[in-house]
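Enquirer: My questions concern the predicted model and sequence given below.
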Amino acid sequence: DQQVKQNSPSLSVQEGRISILNCDYTNSMFDYFLWYKKYPAEGPTFLISISSIKDKNEDGRFTVFLNKSAKHLSLHIVPSQPGDSAVYFCAAREQGGKLIFGQGTELSVKP
Amino acid sequence: NAGVTQTPKFQVLKTGQSMTLQCAQDMNHNSMYWYRQDPGMGLRLIYYSASEGTTDKGEVPNGYNVSRLNKREFSLRLESAAPSQTSVYFCASSSDGVAKNIQYFGAGTRLSVL
C-alpha cells in the first residue's frame, strides 16, 4: 500500500517549456514534503521542499505546489533545461521523522 | 567536502554469501539511514539510526542487520545474500537542526546477487 505515488514513470518536455511533475499521497498526517533529483550513478540530491502549512514554495526555476485537500503535490520547472533531465522523487515526512518516497518520474528535456 | 561516502560502489555476490556495506558521513549528523532502490519501487527504508547507539527497522528490514559504529559510521550487513537483495543501496544522513528534514545521500552501492 503505497502512501506516496508518482503515477507517471516518465515525462518528455521541450527545452524552454514548463515541466510539471506530480505526486499524490494518502496520509493526511504528513507534515513536510520534499523533492529530490537523481542523476544516473549518483545519489539523490535535495531540490526543494514545502511545509504542510504552506501551499507554494519557489526557488528560482523550481516551484512546488501543495494542495492538501486533494493530497496532491506538484513540482513546476520553468523554463526546462536539458540539464534538468533526471529522475525526480517526491518524499513525504512522517511525524516520526522518516521520509516516504514515491516511485520516481524520469524527466527528459529535449533541446 | 566528502559528505556521505559509501563503499564499495559495486559488488557481485553468490547466493548465501555475506557482506557488509559501509557508510560514513562527515557532516556531524545524528541520524543515518539505509535505503534500497528497485525499478518502479522508489526508495524504501531498510533501517535507520536516530542517534549513536540506536537503530530501528524501516519498511523492508528482513534479511539485513545494521550497526551504528559511532556517530560517523553506519554499516549494513547481509548475512546470507539472496537474489531478491539485488538492488542499489543508498546511505543517507540528516541533522537535527533547522534542516532536519533534508537527507543527504551517498552515491550508492550497486549489488548483484547471483
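Expert: Sure, I can see it.

Enquirer: Provide a list of residues in contact with A:A86.
Expert: A:K37, A:K38, A:Y39, A:E106, A:L107 (Cβ atoms under 8 Å, 6 or more residues apart in numbering or on different chains). C-beta: built from backbone N, CA, C; applies to glycine.

Enquirer: Repeat that for B:S84.
Expert: If you count contacts by Cβ under 8 Å, 6+ apart, then B:S84 has B:G63, B:V113 around it.

Enquirer: If we ignore the residues flanking it in sequence, what's nearest residue 107?
Expert: Just so you know, I chose chain A. Leaving aside its chain neighbours, A:L107 sits nearest to A:L11 (5.1 Å; criterion: Cβ to Cβ, 6 or more residues apart in numbering or on different chains).

Enquirer: um, chain B though
Expert: B:A107's closest residue in space is A:G43 (Cβ to Cβ, 6+ apart), at 5.0 Å.

Enquirer: Tell me the predicted confidence for the residue nearest to A:L107.
Expert: For A:L11, the pLDDT comes out at 97.

Enquirer: what does A:Q2 give?
Expert: On pLDDT, A:Q2 comes in at 84.

Enquirer: Residue 77 bridge partners, please.
Expert: Picked chain A for this. A:S19, A:F62 (DSSP bridges).

Enquirer: My question was about chain B, not that one.
Expert: B:T20, B:N65.

Enquirer: What of B:V88?
Expert: Bridge pairing for B:V88 - DSSP bridges - gives B:Q37, B:R110.

Enquirer: Please name the residues that touch it.
Expert: Per Cβ under 8 Å, 6+ apart, neighbours of B:V88: B:R36, B:Q37, B:D38, B:G108, B:T109, B:R110, B:L111.
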